[in-house]
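Chemist: Kindly generate the corresponding structure for this input.
(one chain, ligands or ions: 2)
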Amino acid sequence: MNNKLSLLLKKHGYSSTSARVTVFESLATREYPITMNELIKSVSSVVDRATVYRTIDIFEKTGVVSRIQIGWKYKLELSDMFLSHHHHITCSQCGQTESFHETELLLSELQSIATKKKYVLKTHMLELTGVCSNCDK
Ligand SMILES: [Zn+2]
Ligand SMILES: [Zn+2]
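Modeler: Ligands and ions are numbered 1, 2, ... in the order given. From the prediction side, this is the model:
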């Protein structure tokens, strides 16, 4: 059972129910973000659909989970609090999503854009879409 999860939930007045732990663990075993339907399927033997939706709602409010917007759809994964900071590239044809870490060069470029605008950069979002090598045949 993840200590960081229970602390985070507790801080916002939520307890670590077994359903919440199950949903969390299912997300924690993924290498890539998954869709709500994939998540529901992965825990369907122990947690019902409505509970998964409620749990994700709480997870988003408490910062446990990030919603990755891909066009008009979204996928879910654990937030930067549980995973190291990274970004995604998604295939617009088959929907596969992969993660990547930004380079120092990219980060310094983002910082210099913010600095030119007289902002102190705190966070950024960056999502790429393309066609993967499987679909580009
Ligand atoms: Zn980044
Ligand atoms: Zn593809």
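Chemist: what does the chain have sitting close to ligand 2?
Modeler: Neighbours of ligand 2 within the chain, by CB under 5 Å from the ion: Cys91, Gln93, Cys94, Cys132, Cys135. All C-beta spots, glycine's among them, are computed from the backbone N, C-alpha and C.
Chemist: Can you list the low-confidence ranges for the protein?
Modeler: 1 (pLDDT under 70).
Chemist: what sits against the closest residue to His101 other than its chain neighbours?
Modeler: In space, and not counting its chain neighbours, His101 is closest to His86: 5.1 Å by CB to CB, 6 or more residues apart in numbering. Listed by CB atoms under 8 Å, 6 or more residues apart in numbering, the contact partners of His86 are Ser99, Phe100, His101, Glu102.
Chemist: Now do the same for the residue positioned nearest the centre of the chain: helix, strand or coil?
Modeler: In the chain, the C-alpha closest to the average C-alpha coordinate belongs to Glu77, at a distance of 2.9 Å (CA atoms, centre = their mean). Here Glu77 is recorded as strand under DSSP: H, G, I helix; E, B strand; the rest coil.
Chemist: Contact partners for it?
Modeler: Applying CB under 8 Å, 6+ apart, the residues near Glu77 are Leu27, Arg30, Tyr32, Pro33, Ile34, Val65, Ser66, Ile68, Leu83.
Chemist: could I get those as JSON lines with distance to Val47, neighbour count and secondary structure?
Modeler: Converted to JSON lines, the contacts of Glu77 look like this (distance: CB to CB, whole Å; neighbours: other CB atoms under 10 Å; DSSP: H, G, I helix; E, B strand; the rest coil):
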{"residue": "Leu27", "distance to Val47": "12", "neighbour count": "23", "secondary structure": "helix"}
{"residue": "Arg30", "distance to Val47": "16", "neighbour count": "16", "secondary structure": "coil"}
{"residue": "Tyr32", "distance to Val47": "21", "neighbour count": "13", "secondary structure": "coil"}
{"residue": "Pro33", "distance to Val47": "19", "neighbour count": "23", "secondary structure": "coil"}
{"residue": "Ile34", "distance to Val47": "15", "neighbour count": "19", "secondary structure": "strand"}
{"residue": "Val65", "distance to Val47": "15", "neighbour count": "24", "secondary structure": "strand"}
{"residue": "Ser66", "distance to Val47": "20", "neighbour count": "20", "secondary structure": "strand"}
{"residue": "Ile68", "distance to Val47": "22", "neighbour count": "20", "secondary structure": "strand"}
{"residue": "Leu83", "distance to Val47": "22", "neighbour count": "15", "secondary structure": "coil"}
